[in-house]
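> Structure of the sequence below:
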Amino acid sequence: MRPRQIVYGQRVSEPKVIASRAMRHEMTQAEAALWLRMRNHQVGGAKFRRQQIIAGFVADFYCHEAALVIEVDGPTHEAQHDQGRDAVFAGRGIAVVRFRNEEVLDALEGVLEQVRAAIMRRSM
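Below is the predicted model of the structure:
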């Protein structure tokens with residue numbers, strides 16, 4: 001089941017929109033490095049959006065064609081909160097792949113290969 005109406009048709013509060021926009025301008029070093037390599041269809045030909053609001057949560061990166069969220073976790077991420085988000089996303093048919101900041105900064109090519117593989121799995 002491919003998700004529908006993830007971007008259009010959802011009700012989003014104005015504070016959430018403002019927060020999402022701010023996060024786009026204040027990305028972490030790891031998020032910025034990954035975004036430079038994922039934007040403009042560079043990974044598996046897939047289009048990614050950054051700081052996409054889905055069901056009231058802000059996903060770091062979202063690819064609608066593959067129903068895939070990519071999260072870059074820093075030291076402030078709480079596992080219990082992430083599990084709740086992941087469950088909501090899964091309920092909408094969206095898979096989540098998580099990377100730690102260190103993974104992205106130290107092994108970017110390997111991270112990109114994992115993202116590419118996830119896109120291929122989800123697109124079949």
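> quick one: buried residues of the biggest helix by length in the chain?
Longest helix in the chain by number of residues (criterion: DSSP state H): helix 108-123. Under the neighbour-count criterion of 16 or more other C-beta atoms under 10 Å, helix 108-123 has L108, V111, L112, V115, R116, A118, I119, R122 buried. In this view, the C-beta of every residue, glycine as well, is placed from N, C-alpha and C.
> so who does R39 touch?
F48, R50 (C-beta atoms under 8 Å, 6 or more residues apart in numbering).
> Check it and give its pLDDT.
Confidence at R39, expressed as pLDDT, is 95.
> just R4 next, same as before
55.
> all strands in this structure, in order from the N-terminus.
Remark: strands assigned in the chain by DSSP state E are 49-54, 57-63, 68-73, 95-100.
> Which among those strands is found nearest to R85?
Judged by C-beta to C-beta, the one of these that comes nearest to R85 is strand 57-63, at 4.9 Å.
> Kindly format the C-alpha coordinates of that closest one as PDB.
What follows is strand 57-63 as a C-alpha-only set of coordinates in PDB (Å, rounded to 0.1, in the frame of the first residue of the first chain):
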ATOM      1  CA  PHE A  57       5.800  14.800  13.000                       C
ATOM      2  CA  VAL A  58       8.700  16.300  11.100                       C
ATOM      3  CA  ALA A  59      10.700  13.800   9.100                       C
ATOM      4  CA  ASP A  60      14.300  14.800   8.300                       C
ATOM      5  CA  PHE A  61      14.000  13.500   4.700                       C
ATOM      6  CA  TYR A  62      11.000  12.000   2.900                       C
ATOM      7  CA  CYS A  63      10.800  10.300  -0.500                       C
END
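> and it, what does it pack onto?
The contact analysis (3 or more C-beta pairs under 8 Å, 6 or more residues apart in numbering; DSSP states H and E) places strand 57-63 against helix 14-25, helix 29-38, strand 49-54, strand 68-73, helix 79-91.
> Kindly recompute the last result at 7 Å.
In terms of contacts (3 or more C-beta pairs under 7 Å, 6 or more residues apart in numbering; DSSP states H and E), strand 57-63 is packed against helix 14-25, strand 49-54, strand 68-73.
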